[in-house]
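Asks: Mind looking at a prediction? Sequence and model below.
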Amino acid sequence: MFSKSLGNIYLVRTSAYKIIPILFVLLVGCSLLPNDLKTAETALQTNPDSALSILKKMNPSNFISDADRALYGLLCFEALDKTKGDLKPDSLIDFSLSYYLRSNNNVRLAKSYFYKAKTLKVDQRFDDATVLYLKAIDLVKNTDENLLLGKIYSDIGDICSIQKDYKESLNKYKTSISFFQRSGDSIAISYSLIYTGRVYRFMKDYGTAQNYYSQALHYTKDSLSNGLAIQEIGMNYLTSKKLDLALYYLRKSLTYPTVSNYYAIRCYYLADLFFDIQELDSASHYANKALNYPSTFFIQRDCYRILANTEYGRGDFKQMAAYMSKYQDCTDSVRKIETQTKTTVLEDLYQTSDKVGKTRRYLLLSGFIIALIAALSVFVVYRLRLRNKGKDDELKQVEKTLSKKQELLRENLLQKIEETRIFQMVVYKKSSIREREEMDREMYRNILHVEDRQAFARLMDKTFNNVFSNLETRFPELTYKELIWCCLFLLGLPNNEIALILDSQPASLYKMKQRIGQKMNLASTRDLPQMLFDLSEK
């Protein structure tokens, strides 16, 4: 019995000796991970390359706590941003954002919003990015996070510039420079100076643009910043038709290091310059080179335009048609970007929503006080009525702004039709009447999708506030052709083009209009236009 007990004790000891080293390794490994995170966080401010190297050696799946994993994702994106790397994968920052939404750390939540917004900005989802930038500003606007605030305002300035809201873009860059000056980041200041100069170039104020580029060159010796300044100087000279200087600076810019889509931009502008001076081989070379590097739909569209025109000049119409098809695809993508809600509209909506949220909380508190103090209730109700009247005025202003957006969608659609016509003008002039009609039909098929009922319905609903669905629901007797006529009438196309799209005679459109009025139970066909406008505005 005694020997059996000794045997059990021996087995327990043996097992303990085997388990203890394993537990020790696990505990030491777990304790090192947070220490490595702290080391990376400290190195991030002075040596982001080292911080990124430390983070890449870590495996986030080994973290025990969600807090460590969230910090890891945020530090990775901050290190990638500081080293000009691609902000990937999205899953890292998504987890960090989800975690910090449940925590009380406003600075880290603001940074998570900022880096998620940057990924959306790279994907050209500008409206979604703007909302996150505004949320980040709200969290740190009264703190000393000057560098973060400067970056946010600079990014919003980029979006405003792309949306051609140049006045607002200049305001955002000016604000970003003031925050960068407080943070003491000279490289960030130089970038904002370059971006400011770019906006003045868009506004055709070439002298002021050149002044900002020169300031940026003298502000820092950073090769990336200086390369971008040289690139912008070349583009400024090209736009102002000083081609020799443009060629010199654009070629010089190719010798500087690049990030993002800068190299594609430089190649595209060189291609554009060579096309202007009719050196078609060089134009084609640089346009193809630009397409081999990361770029935007705007750059790709213009590169395909140059290639199509180059092939037309060479007489290769088959290759020209292939490039025109790709040009059209890129144009469709650009249209989707251009129809996104403008930053200024989103800011107004965001501020209005914030005010409404604060008002609701105030009303709850006021209601409690009213229940206790009857005498004060009359005064509070009176004050709230005055405030609600102001809110109604604000909401009407927002509705007016959204109405302007609807008109912008219609104008963009008409502009797309006009741009396609201009692009095909050379071929159009050389074609017979029948060929021209067929080209027009093909253009409308591609732009309006009239042969695809679902695609046409989606386009018209988006442009005219669900008018196609409303007509379809309220007047099921209307045929598809009659529905098309209603939408094209709202679009403002002339009768001869509507007849061409519907494959009808212009004279028969009046009879169609009468049938539509009868099916809508209108007293007169003269009431039809107002009926359609009312449906599109409700």
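Replies: Everything's here; your move.

Asks: ok, for the one residue sitting closest to the centre of the chain, nearest residue in space, not its chain neighbours?
Replies: In the chain, the residue lying closest to the centroid (C-alpha atoms, centre = their mean) is residue 126, at 2.1 Å. Take residue 126 and drop its neighbours on the chain: the residue closest to it by C-beta to C-beta, 6 or more residues apart in numbering is residue 159, 4.8 Å away. Where C-beta positions appear, they are placed from N, C-alpha and C, glycine not excepted.

Asks: Flag every buried residue along the helix or strand that contains that neighbour.
Replies: Secondary structure from DSSP states H and E places residue 159 in helix 146-162. Of all the residues in helix 146-162, those buried under the rule 16 or more other C-beta atoms under 10 Å are 146, 148-162.

Asks: Next: stretch 192-208.
Replies: For stretch 192-208, by 16+ other C-beta under 10 Å, it's 192, 193, 194, 195, 196, 197, 198, 199, 200, 201, 206.

Asks: And stretch 427-435, by the same measure?
Replies: Buried, per 16+ other C-beta under 10 Å, within stretch 427-435: residue 427.

Asks: so how far is it off the chain centroid?
Replies: In this view, stretch 427-435 has its centroid 39 Å away from the chain centroid, taken as C-alpha atoms, centre = their mean, to the nearest Å.

Asks: which residues sit against the host helix or strand of residue 534?
Replies: Using DSSP H and E, residue 534 maps to helix 528-537. For helix 528-537, the external contacting residues (C-beta atoms under 8 Å, 6 or more residues apart in numbering) are 403, 406, 464-465, 467, 470-471, 474, 486, 489-490, 513, 516-517, 520, 522.

Asks: Show the buried residues in the residues you listed.
Replies: For the contacts of helix 528-537, buried by 16+ other C-beta under 10 Å: 464, 465, 467, 470, 471, 486, 489, 490, 513, 516, 517, 520.

Asks: My guess is the last one contacts residue 482. True?
Replies: No: in terms of C-beta atoms under 8 Å, residue 520 does not count as a neighbour of residue 482; the distance is 10.0 Å.

Asks: Look at residue 451 and give its secondary structure.
Replies: coil (DSSP: H, G, I helix; E, B strand; the rest coil).

Asks: Name the secondary structure element that contains the nearest residue to it once chain neighbours are set aside.
Replies: Closest residue to residue 451 apart from its sequence neighbours, by C-beta to C-beta, 6+ apart: residue 445 at 5.7 Å. Secondary structure assigned from DSSP H and E places residue 445 in helix 433-448.

Asks: Buried residues, whatever helix or strand comes next after that helix. List them.
Replies: Counting by DSSP H and E, the next helix or strand C-terminal to helix 433-448 is helix 453-463. Neighbour counts over helix 453-463 (16+ other C-beta under 10 Å) mark 456, 457, 459, 460, 461, 463 as buried.

Asks: Take the buried ones among the contacts of helix 528-537 and keep only those in helices.
Replies: Among the buried ones among the contacts of helix 528-537, the members found in helices (DSSP state H) are 467, 470, 471, 486, 489, 490, 513, 516, 517.

Asks: which of those residues sit farthest apart?
Replies: 470 and 513 (18.5 Å; C-beta to C-beta).

Asks: Show me what the helix holding residue 159 packs onto, helices and strands only.
Replies: helix 106-122, helix 126-140, helix 166-183, helix 186-202, helix 343-372 (3 or more C-beta pairs under 8 Å, 6 or more residues apart in numbering; DSSP states H and E).

Asks: relative to helix 166-183, how tilted is it?
Replies: With axes from the mean of the first three to the mean of the last three C-alpha atoms, to 10 degrees defining the directions, helix 146-162 sits at 160 degrees from helix 166-183.

Asks: Adjust the sequence numbering to begin at 32 for everything that follows.
Replies: Sure, I'll start counting at 32 from here, so that last one is helix 177-193.

Asks: ok, and what's touching stretch 314-326?
Replies: Applying C-beta under 8 Å, 6+ apart, the external contacts of stretch 314-326 come out as 291-292, 294-296, 298-299, 301-303, 305-306, 330-331, 334-335, 337-338, 341.

Asks: Mind doing that once more with 6 Å?
Replies: Here stretch 314-326 makes contact (C-beta atoms under 6 Å, 6 or more residues apart in numbering) with 292, 294-295, 298-299, 301-302, 305-306, 334, 337-338, 341.

Asks: shaky segments in the stretch 432-569 of the chain?
Replies: 432-437, 569 (pLDDT under 70).

Asks: Remind me which helix or strand the residue lying closest to residue 117 once chain neighbours are set aside belongs to.
Replies: Counting by C-beta to C-beta, 6+ apart, residue 117 lies nearest to residue 111, which is 6.8 Å off, once chain neighbours are set aside. Element membership for residue 111, per DSSP H and E: helix 97-113.

Asks: try residue 359
Replies: Going by DSSP H and E, residue 359 is in helix 348-369.
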